[in-house]
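Novice: Fold the following.
(chains A and B)
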Amino acid sequence: QQPVQSPQAVILREGEDAVINCSSSKALYSVHWYRQKHGEAPIFLMILLKGGEQKGHDKISASFNEKKQQSSLYLTASQLSYSGTYFCGFRNSGNTPLVFGKGTRLSVIA
Amino acid sequence: KAGVTQTPRYLIKTRGQQVTLSCSPISGHRSVSWYQQTPGQGLQFLFEYFSETQRNKGNFPGRFSGRQFSNSRSEMNVSTLELGDSALYLCASSPGRKSQETQYFGPGTRLLVL
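Specialist: Predicted structure coming up:
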């Protein structure tokens, strides 16, 4: 089943923060976050494994709540380069495919 | 290392025709997954291959098929094309040994069906 992402779209000014949420109706094994800029391939951001960990690099971080079957991506002090569509991908077990949500379009304006 | 390559990059076909798309994974990667991307539906999973075997299949009609060769290159075929098949088709590769591995996407093949 496809992950449910929210919001569908968000517009930020430079320096503002944003949170993108992803939820599943099934138990999760791993969560994968990607960003895709217009006309380009999706680029890997980070992967989180079950166990409730949180990861981050620079000003982008993510959390994985195994009990709630949810993951959130946090973007702090956004930059123009953060603009793009963010996808979360879920694996429900070690043998199931990586299934993506419909994406969240993030636009950062000056 | 060279990234994932896909050919052709653009295709225009008419309804009823068939099309074959090709994907060359990163050297050493043995798993290839295919996705269909459309504006309304995001990335829809088509199928996943590992060592020439289909490991998973998405919810697409039988007109969509694929295969993987011994050198890990993969092809997908769509027969009897419909207007709704117009989309960006992305393939992604990973080493394939662990399920939590990162997938690396190619630039995609944009298919337009007239």
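
Novice: Who are the contact partners of the residue nearest in space to the middle of chain B?
Specialist: The residue lying closest to the centre of chain B (C-alpha atoms, centre = their mean) is B:W34, at 3.2 Å. When contacts are counted by C-beta atoms under 8 Å, 6 or more residues apart in numbering or on different chains, B:W34 is found next to B:23, B:45-48, B:66, B:74, B:76, B:89-92. In this view, the C-beta of every residue, glycine as well, is placed from N, C-alpha and C.

Novice: same thing with A:N92?
Specialist: Per C-beta under 8 Å, 6+ apart, neighbours of A:N92: A:24, A:26-29, A:99.

Novice: what's the spacing between A:I43 and B:L112?
Specialist: 25 Å (C-beta to C-beta, to the nearest Å).

Novice: before we move on, what about B:G58?
Specialist: In terms of C-beta to C-beta, B:G58 sits 22 Å off from B:L112.

Novice: When those two are compared, which one has more neighbours?
Specialist: Neighbour count, other C-beta atoms under 10 Å in any protein chain shown: between B:G58 and B:L112, B:G58 has more, with 16 against 13.

Novice: how many other residues sit next to the closest residue to that one other than its chain neighbours?
Specialist: Distance criterion C-beta to C-beta, 6 or more residues apart in numbering or on different chains; nearest residue to B:G58, sequence neighbours excluded, is B:F45 at 4.0 Å. By other C-beta under 10 Å, 21 other residues sit near B:F45.

Novice: just A:N65 next, same as before
Specialist: For A:N65, using other C-beta under 10 Å, the count is 15.

Novice: Surely it and A:S71 touch.
Specialist: Yes: proximity of A:N65 to A:S71 meets the contact threshold set by C-beta atoms under 8 Å, at 7.2 Å.

Novice: Let me know the next secondary structure element after the host helix or strand of B:Q44.
Specialist: Secondary structure assigned from DSSP states H and E places B:Q44 in strand B:42-50. Remark: after strand B:42-50, the chain's next helix or strand is strand B:53-57, criterion DSSP H and E.

Novice: Run the chain-centre distance for the helix or strand following that next one.
Specialist: As assigned by DSSP H and E, the chain's next helix or strand after strand B:53-57 is strand B:64-68. Strand B:64-68 has its C-alpha centroid displaced from the chain centroid by 8 Å (C-alpha atoms, centre = their mean, to the nearest Å).

Novice: Kindly list the main-chain dihedrals of A:S81?
Specialist: Backbone torsions for A:S81, taken as degrees, to the nearest 10, come to phi -70, psi -10.

Novice: Kindly state the beta-bridge partners for B:R67.
Specialist: Beta-bridge pairing for B:R67 (DSSP bridges): B:E75.

Novice: Does it touch B:F47 like I think?
Specialist: No: the criterion here is C-beta under 8 Å, and B:R67 misses it with B:F47 at 9.6 Å.

Novice: And the strands in the chain?
Specialist: Let's take chain A. Taking DSSP state E, the strands of chain A run over residues A:4-6, A:9-13, A:18-23, A:30-36, A:43-49, A:54-57, A:60-65, A:70-75, A:84-91, A:99-100, A:104-109.

Novice: not quite, I wanted chain B
Specialist: B:5-7, B:10-13, B:19-24, B:31-38, B:42-50, B:53-57, B:64-68, B:74-78, B:87-94, B:104-105, B:109-113.
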